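Novice: okay, here's the prediction I keep looking at, along with the sequence it came from:
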Amino acid sequence: MNIYEVQTRTPLLMQKLLMVWEASVRATHLFLSDAEIKQIKEYVPQALNAVTHLIVAERESGAPIAFMGVEDGRLEMLFLLPPERSRGLGKQLLQLGIQDYGVLELTVNEQNPQAVGFYEHLGFETYKRTVRDEAGRPYPLLYMRLRK
């Protein structure tokens, strides 16, 4: 496996990462309808291109299996293909984010209890909760920061 920060965000890479995003969301964001996933998916390429640090994990074949985005000490995104979950890759990426990119904060959907538990296990704690997400949808968000 190869983990690296993306230097050139090609359309092909963005397309592959969008596939990772969708597979991950369909496996973990069970509170979203199919229509909502399709609607959100339209904005993912923009987010992938806008985030300052985009880190990708890929197989030796070059196929992406996970990615994270970091902006100003915040984990903005962390998505893994479903078969890669519970194998330590998410932990490896998050620890890299903390050590090399200064990740101290993140936001997670409250209705994604596996993700909430994962972040708590790795030392994050909730300091704020909203009843709606950034788009105004009725999905509570937890704002978490790394315990000192």
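Specialist: In hand now; what should we look at?

Novice: give me the element the nearest residue to Val116 once chain neighbours are set aside is part of.
Specialist: Among residues not flanking Val116 along the chain, Val108 sits closest, at 5.7 Å (Cβ to Cβ, 6 or more residues apart in numbering). Any C-beta I mention is one placed from the backbone N, CA and C, and that applies to glycine too. Using DSSP states H and E, Val108 maps to strand 105-109.

Novice: show me which positions of the longest helix along the chain end up buried.
Specialist: Determined from DSSP state H, the single longest helix within the chain is helix 11-28. Applying a neighbour-count criterion of 16 or more other Cβ atoms under 10 Å, one finds Leu13, Met14, Lys16, Leu17, Leu18, Val20, Trp21, Glu22, Ala23, Ser24, Val25, Thr28 buried in helix 11-28.

Novice: can you give me the strands for this protein?
Specialist: 2-5, 53-58, 64-71, 74-80, 105-109, 124-130, 141-146 (DSSP state E).

Novice: the longest helix of the chain to strand 53-58, inter-axis angle?
Specialist: For helix 11-28 against strand 53-58, the angle by axes from the mean of the first three to the mean of the last three Cα atoms, to 10 degrees is 80 degrees.

Novice: tell me what helix 11-28 is packed against?
Specialist: helix 34-41, helix 44-50, strand 64-71, strand 74-80 (3 or more Cβ pairs under 8 Å, 6 or more residues apart in numbering; DSSP states H and E).

Novice: change it to 6 Å
Specialist: Using 3 or more Cβ pairs under 6 Å, 6 or more residues apart in numbering; DSSP states H and E, the elements in contact with helix 11-28 are helix 44-50, strand 64-71, strand 74-80.

Novice: re earlier: list of residues touching the strand holding Val108?
Specialist: Residues outside strand 105-109 that contact it (Cβ atoms under 6 Å, 6 or more residues apart in numbering) are Arg74, Leu75, Ala115, Val116, Tyr139, Leu141, Leu142, Tyr143, Met144, Arg145.
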